[in-house]
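Trainee: need the 3D shape of this:
(one chain, ligands or ions: 1)
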Amino acid sequence: MPAPSCTAAALTPLLQADSVTLQYKTRDHLVTATSDVSFDIYPADRFVLLGPSGCGKSTLLKAIAGFIRPVRGTIRLKGQQITRPGPDRMMVFQEFDQLMPWKTVRQNVAFPLRCNGVGTSEADARALDVLGKVNLAKFSDAYPHMLSGGMKQRVAIARAMGMRPDILLMDEPYAALDALTRRKMQQELLELWDDIRFTVVFVTHSIEEAVLIGNRILVLSPHPGQVKAELNAHHFDASHQGGAEFQTLCGRIHHMLFDDGQPAH
Ligand SMILES: Nc1ncnc2c1ncn2[C@@H]1O[C@H](COP(=O)(O)OP(=O)(O)OP(=O)(O)O)[C@@H](O)[C@H]1O
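Mentor: Residues are numbered from 1 along each chain as shown. Have a look, this model is predicted:
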């Protein structure tokens, strides 16, 4: 049998979601958040989950993180079924104040490393290294209250990336930012990706943000979320944002999301 080619190796999915149905059981109701959702994520994908409010984007992300188990279907990371949270999947939550105010920036970034058994000096060195990558080396000895919201967000990303996860999970990380800072953060994320080529699953309900951030976009239908389409947007970056092609793709997605009369927010 011939040896597998490099191309074949590159085409092996890092994460596979296969017919995933996710539900919440409350005292009175059974809420189906997503129904029969399938997708593959490949190394270095910037994979965006896009859809209207309540379509189950955050729930899917929680399932990838291992906080929720599918009632039907499976999610596999490197072939292993996800059954619990792990340091191989790091979540960056939308709340900014997730940093410990009594620890310096560097100590915040080193903290999860220390909790996972990395020695003090190595944790410190890795924290400094990743802070350099997010342009915050100068602020490594500052405390969170001395930083702007955008800088805190960068520290939160650095803290997750310090763990060298297989996948970074971001749930509307820029939702609370003003427009200018949001644009800057999007750009910084893309620049960071250019440097490090990490794999990220990014939840948003902004079509423009999805097209800008994502190289692949999974468009979900309104509640309960089902796959409407999977799109490639790999040829777009900030310089394309006002361009005709960019706007055409945004328009196409807008049409998909409004198809059945449900606004996409
Ligand atoms: N803890 C919970 N208990 C019961 N139902 C829940 C819970 N969390 C979410 N849901 C329901 O599951 C569905 C999907 O919610 P989810 O938060 O995943 O959607 P979303 O697409 O991320 O929405 P948004 O863009 O508004 O954040 C919704 O109908 C929501 O009301």
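Trainee: and the longest helix along the chain, what does it pack onto?
Mentor: If you go by DSSP state H, the chain has its longest helix at helix 179-196. For helix 179-196, the packing partners by 3 or more C-beta pairs under 8 Å, 6 or more residues apart in numbering; DSSP states H and E come out as helix 120-133, helix 149-162, helix 207-213. Every C-beta, even on glycine, is put in place using the N, C-alpha and C of the backbone.
Trainee: run the last query once more with 10 Å
Mentor: strand 46-50, helix 120-133, helix 149-162, strand 167-171, strand 200-204, helix 207-213 (3 or more C-beta pairs under 10 Å, 6 or more residues apart in numbering; DSSP states H and E).
Trainee: tell me which of these sits nearest to Leu177.
Mentor: With C-beta to C-beta as the criterion, Leu177 lies closest to helix 149-162 of these, at 6.3 Å.
Trainee: only alpha carbons, please: show that closest one as PDB.
Mentor: Written as PDB, here are the backbone C-alpha positions of helix 149-162 (Å, rounded to 0.1, in the frame of the first residue of the first chain):
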ATOM      1  CA  GLY A 149     -10.800  46.500  28.000                       C
ATOM      2  CA  GLY A 150      -9.100  45.700  24.700                       C
ATOM      3  CA  MET A 151      -5.800  45.000  26.500                       C
ATOM      4  CA  LYS A 152      -7.500  42.800  29.100                       C
ATOM      5  CA  GLN A 153      -9.000  40.800  26.200                       C
ATOM      6  CA  ARG A 154      -5.500  40.300  24.700                       C
ATOM      7  CA  VAL A 155      -4.300  39.100  28.100                       C
ATOM      8  CA  ALA A 156      -7.200  36.600  28.200                       C
ATOM      9  CA  ILE A 157      -6.200  35.400  24.700                       C
ATOM     10  CA  ALA A 158      -2.600  35.200  25.800                       C
ATOM     11  CA  ARG A 159      -3.600  33.200  28.900                       C
ATOM     12  CA  ALA A 160      -5.500  30.700  26.800                       C
ATOM     13  CA  MET A 161      -2.700  30.500  24.100                       C
ATOM     14  CA  GLY A 162      -0.100  30.000  26.800                       C
END
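Trainee: let me see the mean pLDDT of it.
Mentor: Averaging pLDDT along helix 149-162 gives 83.
Trainee: could you do stretch 231-251 as well?
Mentor: 81.
Trainee: stretch 101-117 too?
Mentor: On average, stretch 101-117 scores 94.
Trainee: also stretch 208-222?
Mentor: Confidence over stretch 208-222 (mean pLDDT, whole number) is 94.
Trainee: what residues sit buried inside it?
Mentor: 208-222 (16 or more other C-beta atoms under 10 Å).
Trainee: got it, and stretch 66-84?
Mentor: 66, 68, 70, 73, 75, 77, 82.
Trainee: how long is that stretch end to end?
Mentor: End-to-end distance of stretch 66-84 (C-alpha to C-alpha, to the nearest Å): 4 Å.
Trainee: contacts for it, please.
Mentor: 12-25, 30, 32-41, 59-65, 85-86, 88-89, 91, 166-167 (C-beta atoms under 10 Å, 6 or more residues apart in numbering).
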